[in-house]
Structures are given as C-alpha cells and as structure tokens.
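Peer 1: for reference, the sequence and a predicted model appear below.
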Amino acid sequence: MSAPDVPPPSPALLERLSDLRPVRTRRPRLDATLVALGSLGATAALLLTSRLRGDLASPLVLAAAAACALGFAVELWWALVPPRGQVLPLRRASGLRVAAVWALLCVVLVAAGHDARAVPVHDFMVGARGCFFFGCAMALAPALLCLLVLRKTLDLGGWRLGAVVGGAAGALGGLGLELHCANGHAMHVLVAHGGAIALPALLLALVVRR
C-alpha cells in the first residue's frame, strides 16, 4: 500500500522558515560569574566612596564577612544556574531557602557584633537608617544584573525566582555593611543590616509576582 501524498508546505510557512536564525543558548555559569564580578565591582566602588571599619582584621569581622559572601554566592547560583536536567533556575522550597539563609546570616552577624549595651532611641534610629539605605543601595547592582540576565524567564519563575534574586542581592548588601559599619549592637545589626538583607528578597518577590 503506497503512502499518502503529503501536501507541500504553504508559502506563508516557507516564508516564516526562511527568516529563522540561530539562537545563542544561555551559559548560566558564565552569566553567574559575570554578574558576581560586576556586583562585587559596584560594591567595592560604593565602599571606596565611604569608609571601611577600622577593625577589619578582626577574626569575627572576617568570619561574618565570609558568611555574607558565601550567602551571596550560593543564592546567586540558585538564581542563575538551573539544577541538572532543568532549564529554569528554580528549586524546591526556594522561599524557605532564602529565609533560612537570611536567618543564618542574622545569627552570624549578631554573634560577630557581640554588643548588647542599650542605645538611645534617637541614636539608634539615625545609625540604623543610614546603614539600612546604604545596604539597599549596594543590593541594587546584583539585583539589576540578575534581572537583566533572567528577563526572559521571570514570568515563568514567578515570585520564587524574584525572592532568590533579591536574597542574593541582599546578602551582598550585608557583606558591604559588615565591611563598612563597626556598630555591633544586636538591635542595630538585626534591624539595619538584617533589614537591608531581607528587603530586596521581599520586594523583588512582590514585583516579579505582579
């Protein structure tokens, strides 16, 4: 029995196919490396325009800074590099992962500060406000770079992807604050530094969701 004749493709289809061009595939590891370098460069530039704390050589300060750097690297990897066998950089329980990293960084930063003395409310508010906004400013570069790289997948990733991107940006802001601010009071660290780490994740999760 002979095979049925297949009709030729329509001229409109052939015209569409003639315009096809090769598309460059994503290279997530390269993207993550470039975003990390650009983010660290922007953070270093901001720090150079301000001042660094005088006790940078302290082991506690170095340990806290290393924890923030590790948090930034891990969350940036989650945000940009898909798990094996997948296309989108989405992992199970992304929101819980970001919350866990935030909580761990807060514990480390408070332990590194180890200063429980009371501070006048006015002095606390002035110092906390300055650090909070400075940390958020340092989170802008990694957030914008990640969103630029992921611009075609944000609709599919939803709020979870936004939260991970914001978590990475906030962790880098926490690293910058640890190198900048010598105020070790627990309330200052939790409200100003912890707030600057958490806000980008909350804000980007909300923005991407909408």
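Peer 2: Structure received. Residues are numbered from 1 along each chain as shown.

Peer 1: quick check, central residue of this structure?
Peer 2: Geometric centre of the chain, nearest residue: residue 168, 2.1 Å, by Cα atoms, centre = their mean.

Peer 1: so what's that one closest to, chain neighbours aside?
Peer 2: Residue nearest to residue 168 in three dimensions, not counting chain neighbours: residue 75, with 3.7 Å by Cβ to Cβ, 6 or more residues apart in numbering. In this view, the C-beta of every residue, glycine as well, is placed from N, C-alpha and C.

Peer 1: next, count neighbours for residue 132.
Peer 2: Close neighbours of residue 132, defined as other Cβ atoms under 10 Å, add up to 20.

Peer 1: residues contacting the residue nearest to residue 168?
Peer 2: 97, 98, 101, 164, 167, 168, 171 (Cβ atoms under 8 Å, 6 or more residues apart in numbering).

Peer 1: columns secondary structure and pLDDT on top of the residues you listed, output as JSON lines?
Peer 2: Listed next are the contacts of residue 75 as JSON lines, based on DSSP: H, G, I helix; E, B strand; the rest coil; pLDDT from 0 to 100:
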{"residue": "97", "secondary structure": "helix", "pLDDT": "94"}
{"residue": "98", "secondary structure": "helix", "pLDDT": "95"}
{"residue": "101", "secondary structure": "helix", "pLDDT": "96"}
{"residue": "164", "secondary structure": "helix", "pLDDT": "94"}
{"residue": "167", "secondary structure": "helix", "pLDDT": "96"}
{"residue": "168", "secondary structure": "helix", "pLDDT": "96"}
{"residue": "171", "secondary structure": "helix", "pLDDT": "97"}
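
Peer 1: pick out the most distant pair among those residues.
Peer 2: The span of the contacts of residue 75, defined through Cβ to Cβ, is set by 97 and 171 at 12.0 Å.

Peer 1: ok, the two, which is more surrounded?
Peer 2: residue 171 (28 against 18).

Peer 1: and the helices in this structure, which stretches?
Peer 2: For the chain, the helices defined by DSSP state H cover 11-18, 28-49, 59-80, 94-113, 121-149, 154-180, 186-188, 194-209.

Peer 1: give me the buried positions along the longest one.
Peer 2: Translated: helix 121-149. Residues 124, 127-128, 131-132, 134-136, 138-147, 149 are the ones in helix 121-149 that count as buried (16 or more other Cβ atoms under 10 Å).

Peer 1: ok, back up a step: can you redo the contacts of residue 75 as a markdown table with distance to residue 33?
Peer 2: Shown next, in a markdown table, are the contacts of residue 75 (distance: Cβ to Cβ, whole Å):
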| residue | distance to residue 33 |
| --- | --- |
| 97 | 21 |
| 98 | 22 |
| 101 | 20 |
| 164 | 17 |
| 167 | 19 |
| 168 | 14 |
| 171 | 17 |
